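*Asks:* Pasting the sequence and the predicted coordinates here, then a few questions.
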Amino acid sequence: MANLVIIPTYKEKENVEAIIKTISSLGVPFDILIIDDNSPDGTASIVKSLQATHKNLHLLERPGKMGLGTAYITGFNWALENNYLYIFEMDADFSHNPRDLIRLYKACHEDGADVAIGSRYISGVNVVNWPLSRVLMSYIASIYVRLITGMKIMDTTAGFICYKKEVLENIRPAHIRAIGYGFQIEMKFTAWKFGYKIVEIPIIFTDRKFGSSKMSGGIFNEALWGVLLMKIRSMSIKYRKKA
């Protein structure tokens, strides 16, 4: 299998079975890796019950909430160890439409992108059911990141992404310092500094119907302050791709 979708979970019992079945039904085959942070609602048990009928489904369990960034680092390392060619990240709550995985895959597999971002802001503001305050916080954050870093990416905090294997091999995600939503920014920034081709694919982001959001103002503040430190650190780093 060439494709792996990494989905971190914490208290996603209302969503996890449906997201697994929807991804598994797509025309392009995807393996799925659920990384569960000891959800008290039995999310991991639901995943285990589905593994008998879904041979594309894998589960890593962690002892507790350890941060979104560390979940993806764990998943990226697992993906590289198992030689996947295209590695995706997405949420479990259907805020990212699973059918858009195919569009991200084609952008990398057929159209030559190294990183494909499911972007809320590349063609206007395509966010459904978010309060205006949250839309503004997210949109202004991306403007801020562009100003500080010089990147042209419109949706710098997006969490719906396809990476080619080579990108992750060069980035070495374990060296990424941010562990919250700043992780998404730092991954994109590092790929950009390496000179990889990054494209944004317009998507419609729909807020979750079930479960509770993991977003908070504190998480966003951490990400924004971290951007300055990230930019400063980058000035002393030489970004060279492996031969």
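*Replies:* Here it is on my side, so go on.
*Asks:* Show me the strands in this protein, by range?
*Replies:* Listed in chain order, the strands of the chain (DSSP state E) span 3-9, 31-36, 57-61, 86-89, 115-119, 127-128, 161-164, 198-202, 205-206.
*Asks:* of the ones you listed, which approaches residue 100 most closely?
*Replies:* Proximity to residue 100 (C-beta to C-beta) singles out strand 115-119 among the strands of the chain, at 5.6 Å. Where C-beta positions appear, they are placed from N, C-alpha and C, glycine not excepted.
*Asks:* if I pick residue 59, what's in contact with it?
*Replies:* 33, 34, 35, 36, 44, 47, 48, 51 (C-beta atoms under 8 Å, 6 or more residues apart in numbering).
*Asks:* Check the fifth one and give its pLDDT.
*Replies:* With respect to pLDDT, residue 44 scores 97.
*Asks:* and the gap between it and residue 23?
*Replies:* Distance from residue 44 to residue 23, counting by C-beta to C-beta, to the nearest Å: 17 Å.
*Asks:* Would you mind listing the buried residues in stretch 6-18?
*Replies:* For stretch 6-18, the neighbour count (16 or more other C-beta atoms under 10 Å) marks 6, 7, 8, 9, 10, 11, 12, 13, 14, 15, 16, 17 as buried.
*Asks:* residue contacts, the third one?
*Replies:* Pointing back at residue 8 there. Contacts of residue 8 (C-beta under 8 Å, 6+ apart): 34, 35, 36, 37, 68, 71, 72, 75, 92.
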